[in-house]
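*Asks:* Have a look at this fold, sequence not included:
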């Protein structure tokens, strides 16, 4: 696609096309949108791109994105130190924060165990998690990896690893989506929902 | 049920085609390479969302197009339903049911039921076990679309575990040749800081137990579903075989499970086909036995870098008069067995609990040219009463007299009704 254009435009389309979710046609549309935009707006976008790489780094404690040594959540003294919620990616932290249900701390693994992509437990921030647990303050580890094949494998691995450490290990429940239709639930989801059924107390 | 209308956009060779198809028998006639099979393939695709000709979706999209659309109006008794599927070359497919989008493509599966007879069916008998596994799995998905999730999970776990075995096995053999020490036992997952070297790849080996558990859980469900299916098919296939062939010997189906064969000390009881079926239906028991087999076979699996036990190594056994069909049966007998398997799935799909659509659409893709006169006549008589029969043939003479009905000529992508 970019071969049809020259110089700077072609370079821009090629760079945009490397972004996730952006195909050649979208890249072309964004490139021409940028061309027709005010220089000030483009400068702000360029500045934002440079700033994000310069300022944002990863929290030394939990691995979340941060603008200083520690992320906002790790630096917050009001959070509960006895619970750690383990997630795959920083965007999972955002998703859980939106619920406002959880007031503990997080630990971002940076992915899930995935042998096809060559990701083993030593490529994830599991050793850092063990170090955090060694102090004995944490009493519960909540595993919130994705409910897919790789996330389940990671959760099972962690629960085996943490089983001997004297902390409670819990896994987020999986089951029927709220507002969903029972007959369309797949067998695995429905099976899980059965296993995790709860008593209705009057 | 029958498909009363079919519209294709950019499907295979067709940029666009719209057809009204009558119930009863319809023949699509035209020279090879003109697009007959593509028409019936699209109806077959609606049943299981997979093609009987190719494993991936990419070839279904017309060359140069981004997506193909198959839209069909199905008449189920009094009720008409519209199923539409958009096949995307690069991304996920999308489906609509009665003009409304569905959250998951699976929800639109199983509305149109069909059974396809094709020249490739001979591979059900003469081919490798994967052809027969696919026969079972496709039928499972048509009956209970939910099982597609189990199958997809299983395949994903299998790929992950195989890839882990390959990388861990490569490391292990490298280490052994350096130190000439006996292979170390798999490290305990509780001791990540133990004496084992903690480089990335031996770290990967520590997760093997986790993948074993996942493979066993999904595998046991898949095995139980397949065994139940084989039990339902057995009497139907035997009856169909007796009708299609001149009825010498009985056709017997069995499920050969790799987990049952990988017994610890070569158990003396040489189980007859289907001997341990009861046990294979118990998901918990099969899961435990899969785990046991994997831990016993682990050195071998690491050495070879493959998963040696699980539903992906199982087979559907076909036995005719006490002898395995493969290798013993003649060409004609093999065809009879293949036809019997398809007829059995037709009967099963028609009389399913919770299905009220009647006969599935019967598709006979170029199959009569393959059969001798006797089998041709028998098969024609068996399928003729079905609510809708779609057949393709290169020349009109290949259509048996018993299957006289509507006729479309297919020529250069143009489909015209001539009768």
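*Replies:* Thanks, I have it. Quantities reported herein were computed from a predicted structural model and do not represent experimental measurements. Numbers count the residues shown, from 1 in each chain, chains lettered A, B, ... in the order given.

*Asks:* from here on, contacts and neighbour counts on C-alpha atoms
*Replies:* Will do.

*Asks:* where do the strands sit along chain A?
*Replies:* Assigned by DSSP state E, the strands in chain A fall at A:57-58, A:65-66, A:83-87, A:105-108, A:140-143, A:168-171.

*Asks:* Show me how the record splits chain B into domains.
*Replies:* According to automatic domain parsing, chain B comprises the domains B:2-113+B:356-417, B:119-184+B:203-354.

*Asks:* Relative to chain A, which of the ones you listed is closest?
*Replies:* domain B:119-184+B:203-354 (4.7 Å; CA to the nearest CA).

*Asks:* Give me the distance from the closest one to the chain's centre.
*Replies:* 12 Å (CA atoms, centre = their mean, to the nearest Å).

*Asks:* where exactly do the helices run in chain B?
*Replies:* Counting by DSSP state H, one finds helices in chain B at the ranges B:36-48, B:122-126, B:129-143, B:147-179, B:200-206, B:208-244, B:258-261, B:277-280, B:283-304, B:325-328, B:331-350, B:373-383.

*Asks:* weakest of those helices in terms of mean pLDDT?
*Replies:* Mean pLDDT per stretch puts helix B:200-206 lowest among those, at a mean of 58.

*Asks:* Which residue, other than its chain neighbours, is closest to residue B:72?
*Replies:* residue B:6 (4.5 Å; CA to CA, 6 or more residues apart in numbering or on different chains).

*Asks:* Show the contacting residues for that neighbour.
*Replies:* For residue B:6, the contact set (CA atoms under 8 Å, 6 or more residues apart in numbering or on different chains) comprises B:18, B:19, B:20, B:21, B:70, B:71, B:72, B:73.

*Asks:* Count the residues that sit near residue B:306.
*Replies:* 19 (other CA atoms under 10 Å in any protein chain shown).

*Asks:* show me where chain A has helices.
*Replies:* A:7-17, A:24-35, A:39-55, A:90-99, A:126-134, A:149-162, A:187-195.

*Asks:* Break chain A down into its structural domains.
*Replies:* Per automatic domain parsing, the structural domains of chain A span A:2-55, A:76-171.

*Asks:* Would you single out the least confident of those?
*Replies:* Among the domains of chain A, domain A:2-55 scores lowest, at a mean of 88.

*Asks:* just to revisit the earlier point, measure the residue nearest to residue B:72 to residue B:27 for me?
*Replies:* 15 Å (CA to CA, to the nearest Å).

*Asks:* same thing with residue A:30?
*Replies:* From residue A:30 to residue B:27 the distance is 50 Å (CA to CA).

*Asks:* Give me the more crowded residue out of these two.
*Replies:* residue B:27 (24 against 16).

*Asks:* give the contact list for the spatially most central residue of chain A.
*Replies:* What sits nearest the mean C-alpha location of chain A, by CA atoms, centre = their mean, is residue A:89, with 2.1 Å. By CA under 8 Å, 6+ apart, the residues touching residue A:89 are A:64, A:108, A:109, A:110, A:111.

*Asks:* just the buried members of those?
*Replies:* Among the contacts of residue A:89, those that count as buried by neighbour count (16 or more other CA atoms under 10 Å in any protein chain shown) are A:64, A:108, A:109, A:110, A:111.

*Asks:* Quick one: residues contacting the third one.
*Replies:* Taking CA under 8 Å, 6+ apart, we find residue A:109 in contact with A:63, A:86, A:87, A:88, A:89, A:124, A:125, A:126.

*Asks:* how many neighbours does residue B:61 have?
*Replies:* 23.

*Asks:* gap between it and residue B:14?
*Replies:* Using CA to CA, residue B:61 is found at 9 Å from residue B:14.

*Asks:* same check, this time on residue A:83
*Replies:* From residue A:83 to residue B:14 the distance is 59 Å (CA to CA).

*Asks:* still on that earlier bit, and the contacts of residue A:89, which is closest to chain B?
*Replies:* Chain B has its nearest neighbour among these in residue A:111, at 14.3 Å by CA to the nearest CA.

*Asks:* looking at it, that closest one is touching residue A:86, isn't it?
*Replies:* No. Assessed by CA atoms under 8 Å, residue A:111 is found out of contact with residue A:86, at 10.9 Å.

*Asks:* and for the two, which residues touch both?
*Replies:* Common neighbours of residue A:111 and residue A:86 (CA under 8 Å, 6+ apart) do not exist.

*Asks:* Serialize the buried ones among the contacts of residue A:89 to a markdown table and add fields for distance to residue B:358.
*Replies:* Output for the buried ones among the contacts of residue A:89, formatted as a markdown table (distance: CA to CA, whole Å):
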| residue | distance to residue B:358 |
| --- | --- |
| A:64 | 57 |
| A:108 | 53 |
| A:109 | 52 |
| A:110 | 52 |
| A:111 | 49 |
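
*Asks:* What subset of the contacts of residue B:6 is buried?
*Replies:* By 16+ other CA under 10 Å, the contacts of residue B:6 give B:19, B:21, B:70, B:71, B:72, B:73 as buried.

*Asks:* In strands, which of these appear?
*Replies:* B:19, B:70, B:71, B:72, B:73.

*Asks:* So the first one versus residue A:199, what's the distance?
*Replies:* Just to be clear, that refers to residue B:19. Counting by CA to CA - residue B:19 and residue A:199 are separated by 54 Å.

*Asks:* The fourth one now?
*Replies:* Going from residue B:72 to residue A:199 by CA to CA gives 45 Å.

*Asks:* cool, and residue A:132?
*Replies:* For residue A:132 relative to residue A:199 (CA to CA), the value is 35 Å.

*Asks:* same check, this time on residue B:351
*Replies:* Counting by CA to CA, the gap from residue B:351 to residue A:199 is 38 Å.

*Asks:* re earlier: what's the closest of the domains of chain B to residue A:116?
*Replies:* Closest approach to residue A:116 among the domains of chain B is made by domain B:119-184+B:203-354 (5.6 Å; CA to CA).

*Asks:* does that closest one come close to chain A?
*Replies:* Yes. Domain B:119-184+B:203-354 lies within reach of chain A by CA under 8 Å from any CA of the partner chain, at B:146-147, B:149-150, B:153, B:156-157, B:159-161, B:163-164, B:203-204, B:207, B:210-211, B:214.

*Asks:* Out of those residues, which end up buried?
*Replies:* Counted by 16+ other CA under 10 Å, these give B:146-147, B:149-150, B:153, B:156-157, B:159-161, B:163-164, B:203-204, B:207, B:210-211, B:214 as buried.

*Asks:* Thank you kindly, that will do.
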